[in-house]
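K.L.:
With the sequence up front, the predicted model follows.
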Amino acid sequence: MTPAQARTLLQDSFAAALAAADPLRIVPAHLPAPPAGRTLVVGAGKAAAAMALAVEQNWPATAPLEGLVITRYRHGLLTNRIAVLEAGHPVPDAAGEQAASEILRKVKALTAQDLLLVLVSGGGSSLLSLPAEGITIADLRQVTQQLLRSGAPIQSMNTVRKHLSAIQGGRLAAASRAPVHALVISDVTGDDPTHIASGPCAPDPTTYRDAIGILERYAVEAPAAVAGHLARGARGEIAETPKPGDRLFSKTENRVIATAQQSLEAAAFFFRSQGVQPVILGDSVTGEAREVAKVYAALARQVRRHGNPWQPPVALVSGGECTVTVRGEGRGGRCAEFLLSLALDLDGAPGIYALACDTDGIDGSEDNAGAILDPATLQRAHNQRLDAAALLDCNDAYRFFEGTGDLIVTGPTRTNVNDYRAILIA
């Protein structure tokens with residue numbers, strides 16, 4: 001297998017993983033029957049526009065349909081009956097606040113004869129940002145920015161956001177008199193709807209006290225309005241989010257229609273069809289990206305040197321969401337950081353290739369989905385006078401892979417089932 005063939009194989013496996021999470025393919029089979037009244041479609045997330053288009057293309061032409069969904073800037077699509085608005089991600093902005101307020105207003109106007117169809121996907125936590133009373137969008141931005149830099153897992157971040165929101169943590173479903181049918185594309189480990197986009201239609205088992213504990217654990221300095229709101233909630237002066245077992249969820253269904261595991265299985269099927277043994281290492285890998293990479297490098301070396309526990313050619317495939325505790329001022333997301341750490345640990349080991357990409361097409365805040373490496377990557381970096389270790393120390397993996405020519409740029413994929421990693425041992 002030549003280096004060019006190996007790189008193509010890895011990129012084609014990523015394409016197979018993305019296809020398995022394409023809303024235009026997966027949404028139609030999960031659409032409910034039209035109600036006696038009208039159908040309102042609302043939603044938020046990186047996949048919201050594609051999900052809305054899939055609904056439009058497969059909804060009966062004679063059945064009433066209207067709606068509003070929010071997606072990230074540059075992730076919109078042209079639709080006819082469902083409006084698509086763009087807003088800020090990963091940090092919320094005024095556009096998201098205004099759109100979320102309009103969604104809540106429309107939901108409150110529904111009757112028992114109508115249907116609320118909610119399209120939920122990763123990224124919805126920041127896009128569907130309607131702060132609780134007394135909290136401003138500026139307060140929410142400040143807390144979000146600190147949490148993003150702290151290395152807190154997404155579940156912890158969303159626990160805080162639910163308790164600063166007027167619409168998340170089950171409150172959107174609570175506002176509807178109509179039955180609620182939520183279609184969910186999962187971008188979190190475990191695929192629990194309560195954690196996806198901060199669970200606008202799902203029961204919330206967490207509390208205000210939990211949110212306070214998370215801010216303390218990650219040394220987040222909350223604005224006075226946020227600290228006061230959470231304190232009042234902990235004292236019982238503000239109503240909690242709806243909890244599991246609440247009767248209001250008797251008319252609500254949360255259906256997870258795409259997961260990281262499904263995409264990993266699609267990639268595995270592709271590798272198998274190409275004569276490469278696939279091994280799925282897990283769909284819920286978490287931890288610091290650079291530390292996870294060291295474990296994977298050791299496993300790859302074991303396979304390459306000793307044919308144990310699998311004989312090459314083999315592809316080690318995994319999903320989940322690693323974290324990056326930001327200490328430097330560099331550019332790059334968790335996939336590029338994972339890959340740079342992997343490159344350093346492998347140190348040019350022959351016959352080992354790897355790809356790491358975010359399935360939404362955006363790794364962190366840059367324009368790349370991720371990157372790819374081969375045994376010559378470090379040498380190319382050396383030729384460009386790039387210090388790999390120093391760049392990793394300052395969280396500047398984007399600059400490293402930009403210099404080596406190994407960035408993968410897909411543009412917005414309009415789906416999101418977390419990260420995709422594949423290590424090919426030839």
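P.N.:
Perfect, thanks for sending it.

K.L.:
Outline the domain layout of the chain.
P.N.:
3-17+261-425, 31-258 (automatic domain parsing).

K.L.:
Would you mind giving those as CSV with distance to P23 added?
P.N.:
The C-beta positions use only the backbone N, C-alpha and C, and glycine is treated the same way. Formatted as CSV, the domains of the chain follow (distance: least, Cβ to Cβ, whole Å):
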stretch, distance to P23
domain 3-17+261-425, 6
domain 31-258, 4
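
K.L.:
right, and those - which one's nearest L24?
P.N.:
Closest to L24 of these, according to Cβ to Cβ: domain 31-258, at 5.0 Å.

K.L.:
Wait, a strand at A354?
P.N.:
Yes: checked against DSSP: H, G, I helix; E, B strand; the rest coil, A354 lies within a strand.

K.L.:
tally of neighbours for it?
P.N.:
By the criterion of other Cβ atoms under 10 Å, A354 has 27 neighbours.

K.L.:
The one 4 residues further on too?
P.N.:
For D358, the tally of surrounding residues (other Cβ under 10 Å) stands at 27.

K.L.:
Got phi/psi on it?
P.N.:
Phi and psi for D358, reported as degrees, to the nearest 10, are phi -90, psi 130.

K.L.:
tell me which residues of the helix or strand that contains R105 are tucked away?
P.N.:
Applying DSSP states H and E as the criterion places R105 in helix 94-108. For helix 94-108, a neighbour-count test (16 or more other Cβ atoms under 10 Å) marks A95, G96, E97, Q98, A99, A100, E102, I103, L104, K106, V107 as buried.

K.L.:
returning to that earlier point: please produce TSV containing the domains of the chain, extended by mean pLDDT.
P.N.:
Converted to TSV, the domains of the chain look like this (pLDDT from 0 to 100):
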stretch	mean pLDDT
domain 3-17+261-425	95
domain 31-258	96
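
K.L.:
what's the helix or strand hosting A389 in contact with?
P.N.:
Counting by DSSP H and E, the element that carries A389 is helix 388-393. The contact list for helix 388-393, computed with Cβ atoms under 8 Å, 6 or more residues apart in numbering, reads 290, 327-328, 330, 337, 340-341, 343-344, 378, 381, 397, 399-400.

K.L.:
just the buried members of those?
P.N.:
R290, G330, E337, L340, S341, A343, L344, L378, A381, A397, R399, F400.

K.L.:
Could you tell me the phi and psi values at the last one?
P.N.:
Going back to what we said before, that points to F400. phi -60, psi -50.

K.L.:
Run the chain-centre distance for stretch 165-179.
P.N.:
Taking Cα atoms, centre = their mean, to the nearest Å, one finds stretch 165-179 lying 22 Å from the centre of the chain it belongs to.

K.L.:
bridging residues for T252?
P.N.:
V180 (DSSP bridges).

K.L.:
N80: what secondary structure?
P.N.:
Quick answer, by three-state DSSP: N80 is coil.

K.L.:
contacting residues for the residue nearest to it when sequence neighbours are not counted?
P.N.:
Leaving aside its chain neighbours, N80 sits nearest to E56 (6.0 Å; criterion: Cβ to Cβ, 6 or more residues apart in numbering). Residues in contact with E56 (Cβ under 8 Å, 6+ apart) are L65, T79, N80, R81, I82.

K.L.:
A112: which of these is nearest?
P.N.:
Closest to A112, out of all of the contacts of E56 and judged by Cβ to Cβ, is L65, at 18.4 Å.

K.L.:
Can you name the residues that contact L215?
P.N.:
V143, V160, A222, L230.

K.L.:
Can you show me the strands along the protein?
P.N.:
Taking DSSP state E as the criterion, the chain contains strands spanning 39-44, 65-72, 82-87, 115-121, 180-185, 252-258, 277-285, 314-320, 352-358, 370-373, 407-408, 419-425.

K.L.:
can you put these in CSV and add distance to I167?
P.N.:
Output for these, formatted as CSV (distance: least, Cβ to Cβ, whole Å):
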stretch, distance to I167
strand 39-44, 9
strand 65-72, 11
strand 82-87, 13
strand 115-121, 11
strand 180-185, 13
strand 252-258, 15
strand 277-285, 27
strand 314-320, 27
strand 352-358, 26
strand 370-373, 32
strand 407-408, 35
strand 419-425, 27
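
K.L.:
L10: which of the ones you listed is closest?
P.N.:
Per Cβ to Cβ, nearest to L10 of the strands of the chain: strand 352-358, 4.1 Å.

K.L.:
So which elements touch that closest one?
P.N.:
helix 3-19, helix 289-306, helix 334-346, strand 370-373, strand 419-425 (3 or more Cβ pairs under 8 Å, 6 or more residues apart in numbering; DSSP states H and E).

K.L.:
For the nearest residue to R72 once chain neighbours are set aside, give me its contacts.
P.N.:
Excluding the flanking residues, the one nearest R72 by Cβ to Cβ, 6+ apart is H89, at 4.3 Å. H89 makes contact with K46, R72, Y73, G123, S126, L127 under the criterion Cβ under 8 Å, 6+ apart.

K.L.:
Give me the PyMOL select line for the residues you listed, limited to the buried ones.
P.N.:
Of the contacts of H89, the buried ones go into a single PyMOL selection, burial set by 16+ other Cβ under 10 Å:
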select buried, resi 46+72+123+126+127
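
K.L.:
Measure how buried G370 is and give me the count.
P.N.:
Other residues close to G370 by other Cβ under 10 Å number 32.

K.L.:
separation between it and A211?
P.N.:
31 Å (Cβ to Cβ, to the nearest Å).

K.L.:
Please tell me I have it right and A19 contacts D12.
P.N.:
No: under the criterion of Cβ atoms under 8 Å, A19 makes no contact with D12, lying 10.5 Å away.

K.L.:
ok so, going back, narrow the contacts of L215 to those in helices?
P.N.:
V143, V160, L230 (DSSP state H).
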